[in-house]
Structure formats: C-alpha cells, structure tokens
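Enquirer: Output the structure for:
(chains A and B)
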Amino acid sequence: QKEVEQNSGPLSVPEGAIASLNCTYSDRGSQSFFWYRQYSGKSPELIMSIYSNGDKEDGRFTAQLNKASQYVSLLIRDSQPSDSATYLCAVNVGGGATNKLIFGTGTLLAVQP
Amino acid sequence: DGGITQSPKYLFRKEGQNVTLSCEQNLNHDAMYWYRQDPGQGLRLIYYSQIVNDFQKGDIAEGYSVSREKKESFPLTVTSAQKNPTAFYLCASSISGTGNTIYFGEGSWLTVV
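Expert: Numbering: from 1, shown residues only, chains lettered A, B, ... in the order given. From the prediction side, this is the model:
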C-alpha cells in the first residue's frame, strides 16, 4: 500500500513567523509532488508543485524535496492569519499515461494574530 | 468561465437509495477523478478515468459506480451497497499523463438520513 504521511497538527505559529509543514511518502518511484491548501468546508486548491530535488520558491512559499529521504516539506514565510487552513501533501503514484495522486491526511495550520 | 462544476452541492439520501453526483468540466481535460473526504481525513480515491469510455477503480471503489461516456462528464453513483456514504465528495480533472496538476471542483456534501 503506497502511503503519504503527515503530522495532523494543529501546528500553531504566531503571525509573521515561518510555518514548516512536513510530509513523507513510501513510493520510491514517485516523481511529482504537490501541496494543496484546503479551507474548512472548501475544496483543495493547489499551492505548489515540485519535481526535482532541492528548493522551489513562489512568493512566501518554498517547497523542498529530498527523494533519497522520501521527504517533502512546505515553508510559509511571514505567516498570516489567512494562511490558517489544512495543508495536504499529495504524491503522484501513476506512471506513463496514468496520472494518479494519493494524499496525506493533512496538517492543520493555525496562525495566531 | 473554465472550471469543474459539481452538483448538487448538498444532498440528503435515505438509507437504501442510490444517488448520482454530477461532475462536468470545460477545461478540455482527458483525465477525471472522484475522491471522498471524511471529516478530519485526507482524500481517498474512488474512481479515475484517463480517457473517454475507460475508467479504473481507486482505493475505495466498493459501493460506487461511474461512467465516462463524454469527455466533459464523469458522474458518480453512490449505491445502497456503500455502507457509510456520508462524506464530502470531490471531483477533479487533469491533463492526461503522469505528473500533471489535478484541479478540483467545489465538492458535494452527501448526508444519509
């Protein structure tokens, strides 16, 4: 069974701090990784995708990937109360023509004003 | 506007009844998906389709059925065989081929009464 593991939280950080969200995955063959944000009662929306080892930055968000350790993380700089949401890590376990994501259970982030 | 439309947004079902959730997309995506989310949980894949007239079971297909007669449409039927159908159902779509971003509709809340 291919799995994606996340700490469910809640992760509480003060406004303006850096929030660090972590994810590990079991399928060593996975090549693409995604972070989604989900507000309560809403559908997930894509924050970032990452495909290569190292860091990828987009505004206040940085995704980090280490395939050897099977580890993906998301850093949120200058955290804002509007960042309070559940963050879902997703890993592609398809191959060839098949696009298939499996998700972790999500980490609840609470940014305290 | 381009997007994924799910209907109805809220649905109540009596035990023993089948219900069908609609999903339509105008993004010209080949691949479509159905996920289920229970409170405080991650997303679990029910069925997915990479091309018209073809679909595959996901991790929790028992008690569900789908069809893919048109590229734009991927309806999900929750049958009376599904023992715990109360959940948030999410339809999604993507460009075909592994590693592409999956985009979500707004979701449908199903409650069994």
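Enquirer: what sits against residue 104?
Expert: Picked chain A for this. A:4, A:5, A:6, A:23, A:88, A:89, A:90, B:42 (CB atoms under 8 Å, 6 or more residues apart in numbering or on different chains). Bear in mind the C-beta positions are built from the backbone N, C-alpha and C, glycine included.
Enquirer: other chain: chain B
Expert: A:43, A:44, A:45, B:4, B:90, B:91, B:92.
Enquirer: Reformat these as a markdown table; add pLDDT.
Expert: Output for those, formatted as a markdown table (pLDDT from 0 to 100):
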| residue | pLDDT |
| --- | --- |
| A:43 | 96 |
| A:44 | 96 |
| A:45 | 96 |
| B:4 | 97 |
| B:90 | 98 |
| B:91 | 98 |
| B:92 | 97 |
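Enquirer: which pair in those residues spans the largest distance?
Expert: A:45 and B:91 (14.5 Å; CB to CB).
Enquirer: Tell me the buried residues in the helix or strand harbouring residue A:37?
Expert: Residue A:37 is located in strand A:33-38, with elements delineated by DSSP states H and E. If you call a residue buried by 16 or more other CB atoms under 10 Å in any protein chain shown, then strand A:33-38 has these buried ones: A:33, A:34, A:35, A:36, A:37, A:38.
Enquirer: Tell me how far the second one lies from residue B:32.
Expert: Using CB to CB, to the nearest Å, we find residue A:34 at a distance of 17 Å from residue B:32.
Enquirer: what's the answer for the first one, then?
Expert: Look at residue A:33 and residue B:32: by CB to CB, they are 21 Å apart.
Enquirer: try the fourth one
Expert: For residue A:36, the distance to residue B:32 (CB to CB) stands at 17 Å.
Enquirer: Likewise for residue A:96?
Expert: 18 Å.
Enquirer: if you count what's nearby, which of the two comes out ahead?
Expert: A direct count of neighbours by other CB atoms under 10 Å in any protein chain shown for residue A:96 and residue B:32 places residue B:32 higher, at 29 against 7.
Enquirer: Got the confidence number for the more buried one?
Expert: We have a pLDDT of 97 for residue B:32.
Enquirer: Excluding covalently adjacent residues, which one is nearest to it?
Expert: Take residue B:32 and drop its neighbours on the chain: the residue closest to it by CB to CB, 6 or more residues apart in numbering or on different chains is residue B:74, 3.9 Å away.
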